[in-house]
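J.: Return atomic coordinates for the entry below.
(chains A and B)
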Amino acid sequence: MAVKDMNAPRTKLSSSLVVNGVLILICLLWLVPTLGVLITSFRDSQDIFKSGWGTVFPHKEDVQSGEIKVDPSVDVNGPITIEGVTATFEEWRNGVTMPDGSKLTWYGNKRTRTLIVSEQKWVGFSTNLTLDNYKNTLSGQEISFKDAQGQVIIRKGNNLATAFLNSVAVAVPATIIPILIAAFAAFGFAWLNFPGRKFMFVIVVALLVVPLQIALVPILRDYTKLQLNGTYLAMWLAHTGFGLPLAIYLLFNYISSLPRELLESAFIDGASNFTIFTKLILPLSVPALASFAIFQFLWVWNDYLVALVFLGDKNRVITMALAAIVGEKGQDWHLLTSGAFLSMMLPLAVFFALQRYFVRGMLAGSIKG
Amino acid sequence: MQTQMGKVPSPGGVISWITTNLGRVLISLFVPVITFLVLWQGFIFLRDSKAPQTLIVLVAIIWGVGGVALLFVVSNWMIEQLPTEWSRRLQPFVFIGPGIAILTWYLVVPVIRTLVLSFQNDIGRGFVGLQNYFFALSNRVMLESFRNNLLWMILGTSLSVGLGLLIAVLADRSRFESVYKAIIFMPMAISFVGAGVIWKFIYTYKGEGSGIQEIGLLNAIVLGLGGQSQPWLQLPPWNNFFLIIIMVWLQTGYAMVIISSAIKGVPVELLEAARIDGASEVRAFLRITVPYIQGTLLTVTTTIVIFSLKLFDIVRVMTGGNNGTDVIANEFYLQSFTYNQTGRASAIAIVLLLIAIPVIIYNLRQFSERRAF
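T.: Got it, this is the predicted structure:
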């Protein structure tokens, strides 16, 4: 494939083809699920109920080309002969392929005496795309859409607009607060001397893999007593608590590796610890801070369990709203797919924009990297 | 002006010393009170306000982030008002104090409180001995959950790590490495709930009958191949496998990225030497690359094992744990927040912690070996 491969032996070329072939296949498998949801979210609701999302692409399909009325004299209870072909009612109903390639299908019950003529034809890209699904999921008012038979259905909207804003209000401080607290702590552990320093840091390392389930029941009790349930503050503090061990650990590794001379010279110049931290350490640590920020933001935005326990139905965030659609409207795929995509938009954008930092943070986070 | 601050000894020196220091003390008390009032007003506003939501969100963000920054600035300022020796002694705790306090409240103390709760009955009063643990380790539903978690751990982890390794090795030989890796890695940005919707759409089943068109991809494929459509998520034990595939889809990217960076660290000379000696690619991979990266493989495997142990969202959203797909974390949720059996739930949480303890010990060992703290 590559220019450098042109002169290489044949075996190398073919092995490169195999490598890329396998990788392309795997990548397609990986992309198809998301692609299906993305495409479906833009389709008309009636279309979604009727056909799979693959039909947006060019394909062969039965296209109605006419109707045949069966003469009232024909007995519909026995075998029925139409245009020279004889079959039972059930067979007609399931569709019979005629000698000329067209297909006849009985419409409705026996009394209609109507057959639909259809032919296999190529259908191009579907242009019946819409943003209505997104409007409907975002809205908290009554919404209406059409089902497979074209009947209008009225539902209460799931108000994803509010949920989206709630997610922002939870995720942004729940990302910045632990970073701030952890950066202070990491600086303390790395550069200041105080009794119990080693012991406390060992505790931090031990807490890295403690399952958060252990904390949910006691903390919920505290929150009930303090009347913090359902508040943003409750979520910020909880996510700070659960995110701090990793944050302190990552930032400690980074801050403790900064050159010692740098800090000492600042100290000799008479700067206080606080000034050194805000003017020197924080700016220098931006790469590490960014790594953890992406980590924590994705984690908080995508969290479901913590929100489910501490927020309840008040101020519900987008993962909860989406899960609620799954529970209430499990077959309304136009709402589910657009809702899913709304919930994914922001984290995907952050992820692709800052992937480099994310990978770096992940590598630093695995204890033995 | 500065001379009046007590530099020049004068008859009124004692009085001025007292007044300036009294001023200091007053300010030292005044500043925290003001800070507290400002933050409290913010809290009240956020709790009771009927303002438009965008405004509330904006205020919340500024209040939350600004509040924490303010607390650090104010507490540091107060410490710096103290005599030098005291300020030097206490300042480290301004830095680590908030972090340690939150960790204590949210993780350290809850371990003990949950342990205590696990020996008590559902309302959290009355000692019941090991009864909750008998439930956690012998109840039929719990045993089913353990079986399923074992499936998740073994199958989910081996598939994620195996596929991650395969892709990392293959991508290393391709010019389009970064494109492939970005695609495989992408699901890491998607929530489990979102992934649940994505895969539910693949497995969806409408049922039999004339005129019904399957819109789920899997059923469409099965029908296209001449088979029968199936309600995939209601077919025990196979439904577990369909759920595990979701986890593999989500976690392979993680395994791939970590393994890939380890593979880049394998010395090229070693591999070249092996090739010159006539070793096949497969042999060179098994004999050189794999031993070289086995530490990383172990780390990735443990991380994913721990992850699959705590898995909750996927099962909750896809099946709710019905049809034989229950897992420990879902049972924990049901016991504590649906059935209000806090004793049983706490016992389950402690069991989860016990399973994670070997990893904790391993981490601590790694840590103490690596650096002289």
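
J.: hey, C-alpha coordinates of stretch B:203-220 in CSV?
T.: Written as CSV, here are the backbone C-alpha positions of stretch B:203-220 (Å, rounded to 0.1, in the frame of the first residue of the first chain):
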residue,chain,number,x,y,z
TYR,B,203,-30.4,-6.9,19.8
THR,B,204,-34.0,-5.5,19.6
TYR,B,205,-36.7,-8.0,18.8
LYS,B,206,-40.2,-7.3,17.6
GLY,B,207,-41.7,-10.8,17.6
GLU,B,208,-43.3,-13.0,15.0
GLY,B,209,-46.3,-12.2,12.9
SER,B,210,-47.0,-11.1,9.4
GLY,B,211,-46.0,-7.6,8.4
ILE,B,212,-43.5,-7.2,11.3
GLN,B,213,-40.2,-6.0,10.1
GLU,B,214,-37.2,-6.6,12.4
ILE,B,215,-35.3,-3.4,12.9
GLY,B,216,-32.6,-4.8,15.1
LEU,B,217,-29.3,-5.4,13.2
LEU,B,218,-28.7,-8.9,14.7
ASN,B,219,-32.2,-10.1,13.9
ALA,B,220,-32.0,-8.6,10.4
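
J.: Can you name the residues of the stretch 51-200 of chain A that neighbour chain B?
T.: Contact residues, the stretch 51-200 of chain A versus chain B (CB under 8 Å from any CB of the partner chain): A:51-54, A:93-94, A:162, A:165-166, A:168-169, A:172-173, A:176-177, A:180-182, A:184-185, A:187-189, A:192-194, A:197-198, A:200. C-beta here means a position set from N, CA and C on the backbone, and glycine is covered the same way.

J.: Would you list the buried entries among those residues?
T.: With burial judged by 16 or more other CB atoms under 10 Å in any protein chain shown, the buried subset of those is A:51-53, A:93, A:162, A:165-166, A:168-169, A:172-173, A:176-177, A:180-182, A:184-185, A:187-189, A:192, A:197, A:200.

J.: follow-up on the earlier one: of the residues of the stretch 51-200 of chain A next to chain B, which belong to helices?
T.: Judged by DSSP state H, those include A:93-94, A:162, A:165-166, A:168-169, A:172-173, A:176-177, A:180-182, A:184-185, A:187-189, A:197-198, A:200 as members of helices.

J.: For chain A, what's its nearest residue on the stretch 1-150 of chain B.
T.: Closest approach of the stretch 1-150 of chain B to chain A (CB to the nearest CB) occurs at B:Tyr106, with a separation of 2.6 Å.

J.: what's the nearest residue to that residue if we skip its chain neighbours?
T.: A:Gly241 (2.6 Å; CB to CB, 6 or more residues apart in numbering or on different chains).

J.: quick one: the one you found from A:Tyr249, how far?
T.: Distance of A:Gly241 to A:Tyr249, given as CB to CB, to the nearest Å: 15 Å.

J.: again with A:Ile177
T.: Taken as CB to CB, the span from A:Ile177 to A:Tyr249 is 17 Å.

J.: Chain A versus the most centrally placed residue in chain B, what's the distance?
T.: Centre of chain B computed as the mean C-alpha position; nearest residue by CA atoms, centre = their mean is B:Phe307, 8.5 Å away. With distances taken as CB to the nearest CB, to the nearest Å, B:Phe307 is found 10 Å from chain A.

J.: Toward the C-terminus, what is the element adjacent to the one helix or strand in chain B whose mean pLDDT sits lowest?
T.: Using mean pLDDT, DSSP states H and E, the weakest-scoring helix or strand in chain B turns out to be helix B:13-48, at a mean of 79. Using DSSP states H and E, the helix or strand that directly follows helix B:13-48 along the chain is helix B:53-81.

J.: ok, then the element right after that next one?
T.: With elements assigned by DSSP H and E, the helix or strand that comes after helix B:53-81 is helix B:84-103.

J.: Can you show me the CA trace of the helix or strand following that next one as CSV?
T.: Sequence-wise, the next helix or strand downstream of helix B:84-103 (DSSP H and E) is helix B:109-117. The C-alpha coordinates for helix B:109-117 follow below in CSV (Å, rounded to 0.1, in the frame of the first residue of the first chain):
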residue,chain,number,x,y,z
VAL,B,109,-14.7,6.1,57.4
PRO,B,110,-17.4,4.5,55.1
VAL,B,111,-15.3,1.3,55.0
ILE,B,112,-15.7,1.0,58.7
ARG,B,113,-19.3,2.1,58.8
THR,B,114,-20.2,-0.3,56.1
LEU,B,115,-18.4,-3.1,57.9
VAL,B,116,-20.4,-2.3,61.1
LEU,B,117,-23.7,-2.1,59.0
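
J.: Pull out the buried residues from helix B:109-117.
T.: B:110-111, B:113-114, B:117.

J.: Quick one: residues contacting B:Gly320.
T.: Residues in contact with B:Gly320 (CB atoms under 8 Å, 6 or more residues apart in numbering or on different chains) are B:Asn330.

J.: mind checking the SS state of it?
T.: On the three-state scheme (DSSP: H, G, I helix; E, B strand; the rest coil), B:Gly320 is labelled coil.

J.: what about it, distance to B:Ile198?
T.: 18 Å.

J.: what does B:Leu37 give?
T.: From B:Leu37 across to B:Ile198, the span is 48 Å (CB to CB).

J.: Comparing those two, which residue is more hemmed in?
T.: Under the criterion of other CB atoms under 10 Å in any protein chain shown, the comparison of B:Leu37 against B:Ile198 puts B:Ile198 first, with 25 against 10.

J.: can I assume the residue nearest to B:Tyr106 sits in a helix?
T.: Yes: per three-state DSSP, A:Gly241 lies within a helix segment.

J.: for it, what are its contacts?
T.: Counted by CB under 8 Å, 6+ apart, A:Gly241 has contacts A:215, A:219, B:102-103, B:105-107.

J.: 10 Å - rerun?
T.: A:178, A:181, A:207, A:212, A:215, A:219, A:306, B:99, B:101-107, B:110 (CB atoms under 10 Å, 6 or more residues apart in numbering or on different chains).

J.: Ok, A:Pro259 next?
T.: A:265, A:284.

J.: go on, B:Leu286?
T.: Per CB under 10 Å, 6+ apart, neighbours of B:Leu286: B:279-280.

J.: What of B:Val169?
T.: The contact partners of B:Val169, taken as CB under 10 Å, 6+ apart, are A:19, B:256, B:259-260, B:263, B:281, B:285, B:289.

J.: So what are the structural domains in the chain, by residue number?
T.: You didn't say which chain, so I picked chain A. If you go by automatic domain parsing, the domain ranges for chain A are A:3-41, A:59-123, A:160-365.

J.: Please refer instead to chain B.
T.: Taken from automatic domain parsing, chain B resolves into B:2-81, B:140-370.

J.: So which of these is the most surrounded?
T.: Scoring these by mean neighbour count under mean count of other CB atoms under 10 Å in any protein chain shown gives domain B:140-370 as the most buried, with a mean of 19.

J.: just to revisit the earlier point, wasn't the residue nearest to the centre of chain B part of a helix?
T.: Yes: assessed with three-state DSSP, B:Phe307 lies in a helix.

J.: How about it, nearest residue that isn't a chain neighbour?
T.: B:Gln251 (6.8 Å).

J.: my guess is that neighbour contacts B:Leu159, does it?
T.: Yes: here B:Gln251 reaches B:Leu159: they are 8.8 Å apart, a contact under CB atoms under 10 Å.

J.: Now for the two: what residues contact both?
T.: Common contacts of B:Gln251 and B:Leu159 (CB under 10 Å, 6+ apart): B:Ile304.
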